[in-house]
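**Student:** heads up, no residue letters with this:
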């Protein structure tokens, strides 16, 4: 019995899964397969293998959602367990003393949470941080996306912007902080501009790549359907590149949310606010608990933002992701309204006589046999 | 067969009957046709990457002419092995870069040199080129939208063309391309081109990626639609059966570098593709062309061997 059980996973690659998908290099793989399968051939023949069952040779096999969640929770528990072990006992007997890291019990003390929430005004500072990221990132998108579209459509424009991209993508972002102090002072503007500078080159570059990667056969198609160059950019290239652009914006926003902490940590005036400011104050006062709590708040907030943006992304591009496409339809409605508004000022082009004739004959045919319609 | 059929051009065209087709003794030259020309190629060559290490001549010395038949376009098929420059000829007529402009010679459409792409020369590609972000309705109405036709009008006409292309308005008009099969996508592509009533329709192996049954259905659909729009069609294909079934005129090309070797005139097919394939006269033409192409490939292989 135990023998048969043991043989199952070994036999599976030869019986259940097609060999060519599992074994990348044919000669060495086949030899191994034979060796594994030979002693257990009768068992494998009588018992059909489960499709995609956990064989020894499966790679990158997706796990069910509940298992993924469970594994995630297990990881969190492991980290907390280690934390708890390292800070076990009275202060002097701990592996890591209180001054380095307080224990979980001390950190999650209701008094600590209350103090963080009310005395340090967590919500207000969180909103202050978010506001800066959103403003800076919106500015980066407003400038980076159009420039990226130009760079993607016109190689000469890309060549012109290339040095800015090289600079923006390779400069260590912290090295910009002194410069932003000098340029934009100590207030809100400095923090917003810091995010802008940090993000704009990436937004531009990703947009340009997304545009350039739209297959040129779409351009050819649009041209042979009579689209002008401007129409091809606005009606074909940009809409087809948008799913990728939005996806990279979402990832970059997560990055920018990390950068704002940096800008708030290195601050010269005391009243700036923001999550980084709370960490900085706690650091100076020598208390560790708020720092740890905020370190847990940040990923939670970042995850919430990321999921929200992802939902938006799915809703905006229903043809790319399975969704109801609520935002996509809203956008289409806006586009139609814009077109109707344009018609108030500019008259539309009538159909050709031949096209009108075709339409009239179609109408006549459909009214002649109304039962057949729809 | 002469090695240079172009050089053997004479003003009189002698035809040899082969099944449904008539083989002309030479490819007709622009000077021979009195009627106005829809498309003419005058000694057209195209060399890519000229002067570089990867210089490549796709076509050399291509001459042909397609006459403008009043109220009725001609269905011209271009047949040949892969890499013989069939698509290059098509894209030159369309005016698409980098095939346009020709390295030497003139490409004339309705007597004027091609300067760039336009809606008067619609094109259907082998790859699916439906705009993923647009519904079937908006895909088909794209050309009219670019022309500035009001939404109500263009959608009404697009619905008419959805029906014409054999799709169902009620169920398909708001679908996105990813919800369609390959055959349905090509129906959308054809409707999207025909709605603009182009003077010339260029089709670059439009059914190449479809299974045989769908392919035959699409051929039947195309014959029906073409009669309605009265355009001149240039249809590039690998399939000899397809060319003989669809074409009024078939050009046969050879490789290295590509040029037109033979011109055939074919009787129009009088029944659906599946039945047509069983007719002996149809098969006779197909076999003749198959042997001709085999012969040309042999010659081509011989000439390249001699060059090397």
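**Tutor:** Perfect, I can see it now. Bear in mind that the values here come from a model prediction, so they are computed numbers and not experimental data. Residues are numbered from 1 along each chain as shown, chains lettered A, B, ... in the order given.

**Student:** which one is the residue of chain A found nearest chain B nearest to, not counting chain neighbours?
**Tutor:** Distances between chain A and chain B by Cβ to the nearest Cβ are smallest at residue A:226, namely 2.8 Å. Every C-beta, even on glycine, is put in place using the N, C-alpha and C of the backbone. Of all residues not flanking residue A:226 in the chain, residue B:119 sits nearest, at 2.8 Å (Cβ to Cβ, 6 or more residues apart in numbering or on different chains).

**Student:** do the same with residue A:232
**Tutor:** Nearest non-adjacent residue to residue A:232 (Cβ to Cβ, 6+ apart): residue A:222, at 4.3 Å.

**Student:** now the helix or strand harbouring the one you found: average pLDDT?
**Tutor:** Assessed by DSSP states H and E, residue A:222 sits inside helix A:216-224. Taken as a whole, helix A:216-224 has an average pLDDT of 93.

**Student:** swap in stretch A:134-145?
**Tutor:** pLDDT averaged over stretch A:134-145 gives 95.

**Student:** could you check how far the residue positioned nearest the centre of chain A is from residue A:273?
**Tutor:** Nearest residue to the geometric centre of chain A (Cα atoms, centre = their mean): residue A:251, 3.8 Å. Distance of residue A:251 to residue A:273, given as Cβ to Cβ, to the nearest Å: 27 Å.

**Student:** check residue B:234 too.
**Tutor:** 68 Å.

**Student:** could you point out which residue ranges in the chain have low pLDDT?
**Tutor:** Picked chain A for this. Across chain A, the ranges flagged by pLDDT under 70 are A:1-55, A:267-272, A:365-374.

**Student:** actually chain B
**Tutor:** For chain B (pLDDT under 70), the answer is B:1-14, B:300-308.

**Student:** neighbours of residue B:166, how many?
**Tutor:** 17 (other Cβ atoms under 10 Å in any protein chain shown).

**Student:** that one in helix, strand or coil?
**Tutor:** Assigned with DSSP: H, G, I helix; E, B strand; the rest coil, residue B:166 falls in the coil class.

**Student:** contacts only, for it.
**Tutor:** B:187, B:221 (Cβ atoms under 8 Å, 6 or more residues apart in numbering or on different chains).

**Student:** could you rerun that using 10 Å?
**Tutor:** Residue B:166 sits next to B:183, B:184, B:187, B:190, B:191, B:217, B:218, B:220, B:221, B:224, B:225 when contact means Cβ atoms under 10 Å, 6 or more residues apart in numbering or on different chains.

**Student:** quick one: it from residue A:123, how far?
**Tutor:** In terms of Cβ to Cβ, residue B:166 sits 60 Å off from residue A:123.

**Student:** next one: residue B:208
**Tutor:** For residue B:208, the distance to residue A:123 - Cβ to Cβ - is 61 Å.

**Student:** for residue B:54, same thing?
**Tutor:** 63 Å.

**Student:** the more surrounded of the two?
**Tutor:** Neighbour count, other Cβ under 10 Å: between residue B:54 and residue A:123, residue A:123 has more, with 10 against 6.

**Student:** would you agree the residue of chain A closest to chain B falls within a strand?
**Tutor:** No - counting by three-state DSSP, residue A:226 is not found in a strand; it is coil.

**Student:** contacts only, for it.
**Tutor:** B:117-122, B:142-147, B:196, B:198.

**Student:** repeat for residue A:122
**Tutor:** A:113, A:115, A:116, A:275, A:278, A:290, A:293, A:294, A:297.

**Student:** so how far is the strand or helix carrying the fifth one from its chain's centroid?
**Tutor:** Same thing as residue A:278. Taking DSSP H and E as the definition, residue A:278 sits inside helix A:275-285. Offset of helix A:275-285 from its chain centre (Cα atoms, centre = their mean, to the nearest Å): 29 Å.

**Student:** now find how far off-centre the helix or strand where residue A:335 lies is within its chain.
**Tutor:** Per DSSP H and E, residue A:335 falls inside helix A:326-345. Computed by Cα atoms, centre = their mean, the chain-centroid distance of helix A:326-345 equals 28 Å.

**Student:** which parts of it are buried?
**Tutor:** A:327, A:328 (16 or more other Cβ atoms under 10 Å in any protein chain shown).

**Student:** same question for stretch A:315-325.
**Tutor:** For stretch A:315-325, by 16+ other Cβ under 10 Å, it's A:315, A:316, A:317, A:318, A:319, A:320, A:323, A:325.

**Student:** gap between it and the chain center?
**Tutor:** 16 Å.

**Student:** can you give me the end-to-end span of that stretch?
**Tutor:** 4 Å (Cα to Cα, to the nearest Å).

**Student:** for the stretch 201-308 of chain B, which segments count as helices?
**Tutor:** B:212-229, B:240-246, B:273-276, B:280-307 (DSSP state H, counting those that start in this stretch).

**Student:** out of the ones you listed, deepest packed?
**Tutor:** Across the helices of the stretch 201-308 of chain B, averaging neighbours per residue (mean count of other Cβ atoms under 10 Å in any protein chain shown) puts helix B:240-246 on top, at a mean of 24.

**Student:** about what we covered before: tell me which of residue B:234 and residue A:273 has more neighbours.
**Tutor:** Counted by other Cβ under 10 Å, residue B:234 and residue A:273 do not tie: residue B:234 has more neighbours, with 27 against 21.

**Student:** which residue ranges form the strands in the stretch 101-250 of chain B?
**Tutor:** Applying DSSP state E, counting those that start in this stretch to the stretch 101-250 of chain B gives strands spanning B:104-109, B:112-113, B:121-124, B:200-204, B:232-237, B:249-254.

**Student:** with respect to chain A, which of these lies nearest?
**Tutor:** Comparison of the strands of the stretch 101-250 of chain B against chain A by Cβ to the nearest Cβ identifies strand B:121-124 as nearest, at 3.9 Å.

**Student:** just checking, what packs against the closest one?
**Tutor:** helix A:216-224, helix B:86-94, helix B:182-194, strand B:200-204, strand B:232-237 (3 or more Cβ pairs under 10 Å, 6 or more residues apart in numbering or on different chains; DSSP states H and E).

**Student:** cutoff 7 Å now
**Tutor:** helix A:216-224, helix B:86-94, helix B:182-194, strand B:200-204 (3 or more Cβ pairs under 7 Å, 6 or more residues apart in numbering or on different chains; DSSP states H and E).

**Student:** need those in a markdown table with mean neighbour count and distance to residue A:68, can you?
**Tutor:** A markdown table is the format used below for these (neighbours: other Cβ atoms under 10 Å in any protein chain shown; distance: least, Cβ to Cβ, whole Å):
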| stretch | mean neighbour count | distance to residue A:68 |
| --- | --- | --- |
| helix A:216-224 | 21 | 37 |
| helix B:86-94 | 24 | 47 |
| helix B:182-194 | 24 | 35 |
| strand B:200-204 | 25 | 46 |
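
**Student:** turn these into JSON lines, including distance to residue B:36.
**Tutor:** Output for the helices and strands packed on strand B:121-124, formatted as JSON lines (distance: least, Cβ to Cβ, whole Å):
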{"stretch": "helix A:216-224", "distance to residue B:36": "23"}
{"stretch": "helix B:86-94", "distance to residue B:36": "16"}
{"stretch": "helix B:182-194", "distance to residue B:36": "23"}
{"stretch": "strand B:200-204", "distance to residue B:36": "13"}
